[in-house]
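[1] sequence? don't have it. structure:
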């Protein structure tokens, strides 16, 4: 059994990227595997802790070159049947639908990162003869790349992969879900997903270091996150993907499906709530400034109302019925005034669902700045 354990709290991009928690969660997972009898030399711990945290354990850096070397050269040559991969830090979902995991030497102008799907492909090929049983756990945001309006594009970083095989069984559990942020608790310095999963794994300590039933793990952590969503602490929906001989399946909870204890939210209601989450919507003057930024042909047909909620319902209903991709003009106008990334992500997802509910053409290839 081997494990790659990564926790990145500090980035060369500066303090705006500080993320208290991932290094501590990674150390807690490392400690759990050591307690289960896994030798130290079979655990590769890569950290970039904040100055306020001093891990009481030896670790290696979490820069791009070091992590890539570990994945491509060192770990791939190791002998063993079971592989655990634990990753905590910043991430983004690129335009190709790949999860990009930022390394500690990422800057705002050079966002060096690892392509998660590329890594999975490598570890499912004959480039990695061992590790027939793999569990990958990723606690990172999957905010849409276009919603963040990066000035510079993400660098490509496909890992080399050999011929595909039918011998590897891979399970990937992702904390956030497409287009969503993975919430972090800065006071307790832990990821909400990681904290719950570590607690669940502690209750399966008698099974470790073997891989517990991944679907049971997923069900338990999904229920915990559902409770946190109900409490308003996060918007994330964990996802699980199973890849292996005879089975390739994505068991993700869809955007329209309620989690345990949740009620189903219609697309229009979700879009209204996402729009009203912007403080500017409460101010009639700011609301009018947003509407004025739309195409004149759209503005002329919009029903208006003095009450913010009624106005939002009228605007969204009219745009969705008139031309679903007109909703993206509204998105641009709102996010130009308020670029809060979490509100952007939820508005993007809500408008995408509303567009789909009114059109069978989905997003029509829309690319947000």
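    In hand now; what should we look at? Owing to the predicted nature of the structure, the values given are computational and were not obtained by experimental measurement. Residues are numbered from 1 along each chain as shown.
[2] pLDDT below threshold where in the stretch 251-369 of the chain?
    251-265, 323-325, 356-369 (pLDDT under 70).
[3] Do a quick rundown of the helices in it.
    267-276, 284-292, 296-299, 308-322, 327-337, 341-358 (DSSP state H, counting those that start in this stretch).
[4] starting at the chain centroid, how far to the fourth one?
    Centre-to-centre, helix 308-322 and its host chain are 30 Å apart (C-alpha atoms, centre = their mean, to the nearest Å).
[5] cool, the longest one as well?
    Remark: helix 341-358 is offset 16 Å from the chain centroid, using C-alpha atoms, centre = their mean.
[6] so residue 170 sits in a strand?
    Yes. Residue 170 forms part of a strand when assessed by DSSP: H, G, I helix; E, B strand; the rest coil.
[7] Next one: it from residue 67, what distance?
    With distances taken as C-beta to C-beta, to the nearest Å, residue 170 is found 19 Å from residue 67. For the C-beta atoms, the positions are set from N, CA and C on the backbone; glycine is no exception.
[8] Compare those two and say which is more crowded by neighbours.
    residue 67 (26 against 22; other C-beta atoms under 10 Å).
[9] What's the mean pLDDT across the helix or strand containing that one?
    Assigned by DSSP states H and E, residue 67 belongs to helix 64-69. The average of the pLDDT scores along helix 64-69 is 97.
[10] Quick one: residues in contact with that helix.
    6, 46, 60, 103, 105-106, 112-114, 157, 159 (C-beta atoms under 8 Å, 6 or more residues apart in numbering).
[11] mind checking which of the helices of the stretch 251-369 of the chain is nearest residue 23?
    helix 341-358 (22.2 Å; C-beta to C-beta).
[12] what angle sits between the closest one and helix 327-337?
    Following axes from the mean of the first three to the mean of the last three C-alpha atoms, to 10 degrees, one obtains 170 degrees for the angle between helix 341-358 and helix 327-337.
[13] Enumerate the positions of helix 341-358 that are buried.
    343-358 (16 or more other C-beta atoms under 10 Å).
[14] Determine the set of other helices and strands touching that helix.
    Applying 3 or more C-beta pairs under 8 Å, 6 or more residues apart in numbering; DSSP states H and E, one finds that helix 341-358 makes contact with helix 267-276, helix 308-322, helix 327-337.
[15] Deepest in the core, which of the ones you listed is it.
    Mean neighbours per residue, mean count of other C-beta atoms under 10 Å, is largest over these for helix 267-276, with a mean of 21.
[16] How many residues are close by the closest residue to residue 109 other than its chain neighbours?
    Spatial nearest neighbour of residue 109, excluding adjacent residues (C-beta to C-beta, 6 or more residues apart in numbering): residue 152 at 5.5 Å. By other C-beta under 10 Å, the residues close to residue 152 number 10.
[17] Give the helix, strand or coil label for residue 243.
    Taking three-state DSSP, the label given to residue 243 is strand.
[18] mind giving me the domain ranges of the chain?
    According to automatic domain parsing, the chain comprises the domains 2-250, 267-358.
[19] Lowest average pLDDT across these?
    domain 267-358 (a mean of 86).
[20] closest to residue 320 among the buried residues of helix 341-358?
    Using C-beta to C-beta, the buried residues of helix 341-358 come closest to residue 320 at residue 358, 4.4 Å.
[21] wait, isn't residue 89 in contact with residue 22?
    Yes. Counting by C-beta atoms under 8 Å, residue 89 does reach residue 22; the two are 4.9 Å apart.
[22] Quick check: neighbours shared by the two?
    6-9, 139.
[23] among those residues, which are in strands?
    6-8, 139 (DSSP state E).
[24] can you give me the strands for the chain?
    2-8, 43-48, 82-88, 91-93, 99-102, 113-115, 133-139, 169-174, 184-185, 190-191, 239-244, 247-250.
[25] want to try TSV for those strands, with distance to residue 200 as columns?
    Rendered in TSV, the data for these read as follows (distance: least, C-beta to C-beta, whole Å):
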stretch	distance to residue 200
strand 2-8	17
strand 43-48	20
strand 82-88	14
strand 91-93	22
strand 99-102	22
strand 113-115	26
strand 133-139	11
strand 169-174	11
strand 184-185	17
strand 190-191	14
strand 239-244	14
strand 247-250	21
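[26] wait, which of the ones you listed is closest to residue 327?
    The nearest among the strands of the chain, by C-beta to C-beta, is strand 91-93 at 20.0 Å.
[27] what about that closest one, distance to the chain center?
    6 Å.
[28] Contacts for that strand, please.
    99-102, 113, 116, 138, 140-145, 148, 154, 176, 178-179, 182.
[29] If we use 10 Å, what do you get?
    8, 98-102, 111, 113-114, 116, 138-148, 150, 154, 174-182, 345 (C-beta atoms under 10 Å, 6 or more residues apart in numbering).
[30] buried ones in that strand?
    Neighbour-count burial for strand 91-93 [16+ other C-beta under 10 Å]: 91-93.
[31] Please apply the same query to stretch 7-23.
    In stretch 7-23, counting by 16+ other C-beta under 10 Å, buried: 7-11, 13, 17, 19-23.
[32] How about the contacts made by residue 97?
    117, 142, 144-145, 178.
[33] give me the beta-bridge partners of residue 114?
    residue 101 (DSSP bridges).
[34] Neighbours of it, how many?
    20.
[35] Can you tell me how far it is from residue 233?
    For residue 114, the distance to residue 233 - C-beta to C-beta - is 28 Å.
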